[in-house]
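1. Following is a predicted model, sequence given first.
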Amino acid sequence: PLSGYKMRLLYLLAVLSVSLYSCADRPESMEDLPARVFNLAESQYAYLADQLDESRFPRSLNPDGTLSTSDIDWWCSGFFAGSLWYIYEYGRSDSTKALADRFTLALEPLVDRPVDHDIGFQIESSFGNALRLTSDSTRYESVIVDAAVKLAERFNPVAGVTRSWDKKKKYDWEFPVIIDNMMNLELLMNAARLSGDDELREVARTHAYTTMKNHFRPDYSTWHLVDYSIEDGSVRRKQTHQGFSDDSMWARGEAWALYGYTMMAEWDGNDDFLEQARHIADLLLER
């Protein structure tokens, strides 16, 4: 459902990635730029895939220049397959499709493992895009639904949100919820459409409304983390765990929020979510 929206984001990212460079002979046209970027990405991702063992995913580079990899449990493990599906969507290369399928299916064991809210990032990026671009329900649909059911198990009806992280010894959190979780609601909405399970949709809608109420300051900047009471669902504290300070606007979290509410508005047709997305976008543009 977000095909055109996501492709426009990819085009924008491509423009930003090369904006510091200029062509020696003539300015590169907007028609030429995406083709060059996606063609390069196709060859680079194929090369990168050749460096990976089974069930390993690219993460970064080590100081000595060697490839740093992850297993499927890393929260970004689905992004490599997702990127391959986007490259396939643009170029329609059978070899890229085969790689995307390979790295997607490698993530299937996630539904049988202990997980946190990041299963939305992992599965929707990979299996979600796979189903969207191939319509092959026999290969991808059941994993999407099973993963969404697993994510919904983290929902607390008293607090009205899904838990992000399990308890960590060094933090006095009872039920921590981070703004990143708005991205993972897409898995629930997609699975609700596929399965007809309205409970999954209601979990996503309730989480979005509760987050709208508790996670934002009056100027629509967002805290990174809100900790809820397990007993009565009240807010115990608000903080920015990974940003500059509790009072700062965490740029990545603000992007999570903008995507999340735009996505919820499109999936749910809800003007409240669209209005929230507009306020968030206005703040980002202003700053």
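-> Received it, and whenever you're ready, just let me know what you need. Nothing here was measured: the structure is a model prediction, and the numbers come from that model.

2. Point out the other helices and strands that the strand or helix carrying K97 packs with.
-> Of the helices and strands defined by DSSP states H and E, K97 is found in helix 94-105. With contacts defined as 3 or more Cβ pairs under 8 Å, 6 or more residues apart in numbering; DSSP states H and E, helix 94-105 has these neighbours: helix 32-50, helix 79-91, helix 129-134, helix 137-152. (C-beta placed from N, C-alpha, C; glycine too.)

3. what's the most buried one of these?
-> Each of those was scored by mean neighbour count; the highest is helix 79-91, a mean of 23, by mean count of other Cβ atoms under 10 Å.

4. still on that earlier bit, how far is the helix holding K97 from where the chain is centred?
-> 19 Å (Cα atoms, centre = their mean, to the nearest Å).

5. One more: stretch 254-261?
-> Per Cα atoms, centre = their mean, the displacement of stretch 254-261 from the mean C-alpha position of its chain is 10 Å.

6. Skipping adjacent residues, who's closest to E231 in space?
-> Taking Cβ to Cβ, 6 or more residues apart in numbering, and ignoring the residues beside it in sequence, E231 has V158 as its nearest neighbour in space, at 7.6 Å.

7. does that neighbour count as helix, strand or coil?
-> Per DSSP: H, G, I helix; E, B strand; the rest coil, the local secondary structure of V158 is coil.

8. pLDDT score assigned to it?
-> As summarised for this prediction, V158 has a pLDDT of 98.

9. residues touching it, list them.
-> I230, E231, D232, G233 (Cβ atoms under 8 Å, 6 or more residues apart in numbering).

10. ranges for the strands of the stretch 151-287 of the chain?
-> Secondary structure of the stretch 151-287 of the chain by DSSP state E, counting those that start in this stretch: the strands cover 155-156, 161-162, 175-178, 225-228, 235-239.

11. Point out the most buried one among those.
-> By mean neighbour count, with neighbours taken as mean count of other Cβ under 10 Å, strand 161-162 ranks first of the strands of the stretch 151-287 of the chain at a mean of 26.

12. Return the residues in contact with the residue lying closest to A255 once chain neighbours are set aside.
-> Leaving out its chain neighbours, the residue that sits closest to A255 by Cβ to Cβ, 6+ apart is L284, at 7.9 Å. If you count contacts by Cβ under 8 Å, 6+ apart, L284 has them with E254, A255, L258.

13. I'd like the helices and strands packed on helix 94-105 written out as a markdown table, with mean pLDDT added.
-> Supplementary listing: the helices and strands packed on helix 94-105 in a markdown table, determined by pLDDT from 0 to 100:
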| stretch | mean pLDDT |
| --- | --- |
| helix 32-50 | 96 |
| helix 79-91 | 98 |
| helix 129-134 | 98 |
| helix 137-152 | 98 |
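
14. Quick one: the ones you listed as TSV, columns for distance to W250 too.
-> Listed next are these as TSV, based on distance: least, Cβ to Cβ, whole Å:
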stretch	distance to W250
helix 32-50	28
helix 79-91	20
helix 129-134	27
helix 137-152	23
